[in-house]
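Enquirer: Need coordinates for the below:
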Amino acid sequence: MPKLLVSNLEPGQMAEAYPLIRRSARVAPDEWEKFGHKLAAQGGGVLAVRAEDRRVYGVAAYLPVASLKHGKALRVEAIASFELGHVSLDRNALSSALDNLAREKECRVVAISLDAKGLSSPRSRRRRGWEALGLNAETIEFVRRLDGGSKNGGQRLAEPVRT
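Expert: Below you'll find the model as predicted:
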């Protein structure tokens, strides 16, 4: 079994995690680096799982936040790992490190945001993989893009707010 090390990425190391993040977040390298810097400035950061070869095999971008439902939460905005088999050693290492980090930051929960593809069915392999880590699907986040890319054909849903 390979030895895995989990640590926070320094600002100059963000590019090392980009290949994993690109697959899940579909952002440009400079957007990823700016995002990491913003997280660090707000008390968050980016955890990376490295193997003995020093390459990044897993990454999680996190930020402690206030949650109406849970109190203080460690929100994981982006998480990605390189997986070859049914058991994901790097995802397990990230999960454990996130739990420890949440406790250190006095958070009551770890909340992980994932894209919804393949998670709605209780029988999906992807969903079972996350549930095997002790995570439960509590909410689905609906998102409306404000850049004009609306799926409702541009139809206005409500009157604008007057200030």
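Enquirer: Would you mind writing the CA trace of the lowest-mean-pLDDT helix or strand in the chain as PDB?
Expert: When each helix and strand of the chain is scored by mean pLDDT, DSSP states H and E, helix 125-131 comes last, with a mean of 80. Extracted in PDB, the C-alpha atoms of helix 125-131 (Å, rounded to 0.1, in the frame of the first residue of the first chain):
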ATOM      1  CA  ARG A 125     -21.700   3.600  -8.000                       C
ATOM      2  CA  ARG A 126     -20.700   7.200  -7.600                       C
ATOM      3  CA  ARG A 127     -23.200   7.900  -4.900                       C
ATOM      4  CA  ARG A 128     -22.400   4.600  -3.000                       C
ATOM      5  CA  GLY A 129     -18.700   5.600  -3.100                       C
ATOM      6  CA  TRP A 130     -19.400   8.900  -1.200                       C
ATOM      7  CA  GLU A 131     -21.800   7.200   1.200                       C
END
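Enquirer: Give me the residues contacting it.
Expert: 88, 91, 112, 114, 117-121, 137 (Cβ atoms under 8 Å, 6 or more residues apart in numbering). Placement of C-beta: from N, CA and C, glycine included.
Enquirer: Okay, and which of these map to strands?
Expert: Counting by DSSP state E, the contacts of helix 125-131 place Ile112 in strands.
Enquirer: Are any of the contacts of helix 125-131 buried, and if so which?
Expert: 88, 91, 112, 114 (16 or more other Cβ atoms under 10 Å).
Enquirer: picking that back up, give the buried residues for the least confident helix or strand of the chain.
Expert: Buried residues in helix 125-131 (16+ other Cβ under 10 Å): 127, 129-130.
Enquirer: cool, stretch 22-33 as well?
Expert: 25, 32-33.
Enquirer: What mean pLDDT does it get?
Expert: Per-residue pLDDT over stretch 22-33 has a mean of 89.
Enquirer: how about the strands of this structure, start to end?
Expert: Under DSSP E, the chain gives strands at 5-8, 45-50, 56-67, 71-81, 109-112.
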